[in-house]
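**Q** With the input below, show me the fold.
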Amino acid sequence: MKSATRSWRRTARTAGRRLLPALLVAFTASGVSCVFTRPNAGRIGSAPAALDAESVVFPSESGTLLHAWFARGRAGAGAVLLLHGVGADRRVMLDRARFLRASGYAVLLPDFQAHGESVGRHITFGSLESRDAVAALHYLRARSPGEPVGIVGVSMGGAAAVLANEQGAVADAYVLESMYPTIREAVRDRLRAWLGPIGPLFTRPLIGVVGAQAGIEADSLRPIDFIGRLGAPVLVAAGTRDRYTTLAESESLYTRASGPKEFWPVEGAGHVDLYAYASMEYEARVGGFLARYLRPAATATAEAGSGDGAEPRSPNGTRPKSLRATLHL
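**A** The predicted structure follows:
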């Protein structure tokens with residue numbers, strides 16, 4: 001009897017040691033998933049007077065009404081859709097909007113579903129947000145008839161823009177900042193940054209819990225599979241010290257993009273607001289890129305006047321000969 005009891009206890013201890021890590025992963029994944037998908041709701045109100053923008057509302061197939069700011073631009077100057085990242089709202093795009101408005105562009109700054117003043121049950125990391133990007137692009141084209149339209153998407157905003165293209169919402173130029181290649185890499189990188197070497201062990205269970213909770217499939221959140229089908233010029237921008245979207249991952253996005261394309265590695269930047277981090281260079285590089293492809297006639301005239309023809313250049317004024325040259329490697 002005693003022997004049988006000791007044997008049962010040994011078996012129970014062994015099973016407990018094996019089960020404990022699994023339970024820890026499950027409970028941790030469940031808790032983190034709630035933080036990941038929780039709506040970031042808040043009262044935004046009117047745009048700052050200096051932006052001279054109106055508050056607008058329009059429907060999205062994500063199932064919600066999108067709240068946004070819209071500012072008219074100069075006729076013939078183009079328009080730009082500004083898409084914020086996860087857990088933020090339209091206010092984080094204000095500095096970009098001011099800079100673009102000063103250059104004559106019309107701008108639209110929406111709150112994604114489950115962000116800001118746009119209602120939603122869960123943040124979905126680009127899945128439902130891609131439908132919001134579709135709605136926002138159609139709205140901007142309707143309010144700026146005949147104008148070429150560019151998109152500046154930050155992190156999740158970039159992913160939403162790429163996935164929106166697959167739904168028929170095509171822009172004339174794309175600026176993709178700190179965008180993840182796949183949701184698996186995005187989750188893995190964040191867990192490694194937060195938890196150290198053991199972090200990636202939680203990737204699969206966390207994605208499973210988040211997917212079930214928010215109704216998304218990881219295989220559908222792979223912007224890298226679609227970036228080559230955008231059919232428009234692309235500028236990929238990334239911080240060289242970004243731990244959430246590594247430089248190697250951003251390089252892989254650039255490699256998969258079809259031309260014309262440009263890459264801007266922001267020296268020393270992490271997963272941060274690249275405009276705030278390097279404002280002057282941002283305005284030169286991103287502003288030059290947008291002008292080149294949204295105002296091609298004006299750009300060609302300016303370059304002809306400078307005696308340099310209309311051959312496309314990288315934002316630093318050089319003609320990139322290869323990926324390695326563009327990356328300054």
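
**Q** Please tell me how far residue 125 sits from residue 187.
**A** 9 Å (C-beta to C-beta, to the nearest Å). For glycine as for every other residue, the C-beta is placed from the backbone atoms N, C-alpha and C.

**Q** State the number of residues packed around the closest residue to residue 238 other than its chain neighbours.
**A** If the residues on either side of it in the chain are set aside, residue 238 comes closest to residue 250, at 3.5 Å by C-beta to C-beta, 6 or more residues apart in numbering. Neighbourhood size, residue 250 [other C-beta atoms under 10 Å]: 26.

**Q** residues in contact with the helix or strand where residue 250 lies?
**A** Per DSSP states H and E: residue 250 is located in helix 247-256. The contact list for helix 247-256 (C-beta atoms under 8 Å, 6 or more residues apart in numbering) reads 176, 178-181, 185, 189, 223-224, 227-228, 236, 238-240, 242, 261, 263, 265, 323, 327.

**Q** at 10 Å instead, please
**A** 158, 162, 176-182, 185-186, 189, 223-229, 234-242, 245-246, 261-266, 323, 326-327, 329 (C-beta atoms under 10 Å, 6 or more residues apart in numbering).

**Q** of the residues you listed, buried ones?
**A** 158, 162, 176-182, 185-186, 189, 223-225, 227-228, 234-239, 242, 245-246, 261-266, 326-327 (16 or more other C-beta atoms under 10 Å).

**Q** sorry, back to before: after the helix holding residue 250 comes which helix or strand?
**A** As assigned by DSSP H and E, the chain's next helix or strand after helix 247-256 is strand 261-266.

**Q** so what does that following strand touch, helix or strand wise?
**A** If contacts are counted by 3 or more C-beta pairs under 10 Å, 6 or more residues apart in numbering; DSSP states H and E, strand 261-266 sits against strand 173-177, strand 234-239, helix 247-256, helix 274-277, helix 279-294, helix 323-326.

**Q** at 7 Å instead, please
**A** Judged by 3 or more C-beta pairs under 7 Å, 6 or more residues apart in numbering; DSSP states H and E, strand 261-266 is in contact with strand 234-239, helix 247-256.

**Q** can you tell me the helix or strand for the closest residue in space to residue 279 that isn't next to it in sequence?
**A** Of all residues not flanking residue 279 in the chain, residue 95 sits nearest, at 7.5 Å (C-beta to C-beta, 6+ apart). Using DSSP H and E, the element containing residue 95 is helix 94-102.

**Q** Report the angle between the next helix or strand after that helix and helix 94-102.
**A** Using DSSP H and E, the helix or strand that follows helix 94-102 in sequence is strand 106-110. When axes from the mean of the first three to the mean of the last three C-alpha atoms, to 10 degrees is applied, the directions of strand 106-110 and helix 94-102 differ by 160 degrees.

**Q** Contacts for strand 106-110 next, please.
**A** If you take C-beta atoms under 7 Å, 6 or more residues apart in numbering as the criterion, strand 106-110 is touched by 66, 68-73, 79-82, 90, 93, 97, 100-101, 132, 136, 139-140, 144, 147.

**Q** Relative to the whole chain's centre, how far out is that strand?
**A** 16 Å (C-alpha atoms, centre = their mean, to the nearest Å).

**Q** Next: stretch 160-178.
**A** With C-alpha atoms, centre = their mean, you get 10 Å for stretch 160-178.

**Q** list the buried ones in it?
**A** Buried residues in stretch 160-178 (16+ other C-beta under 10 Å): 160-166, 169-178.
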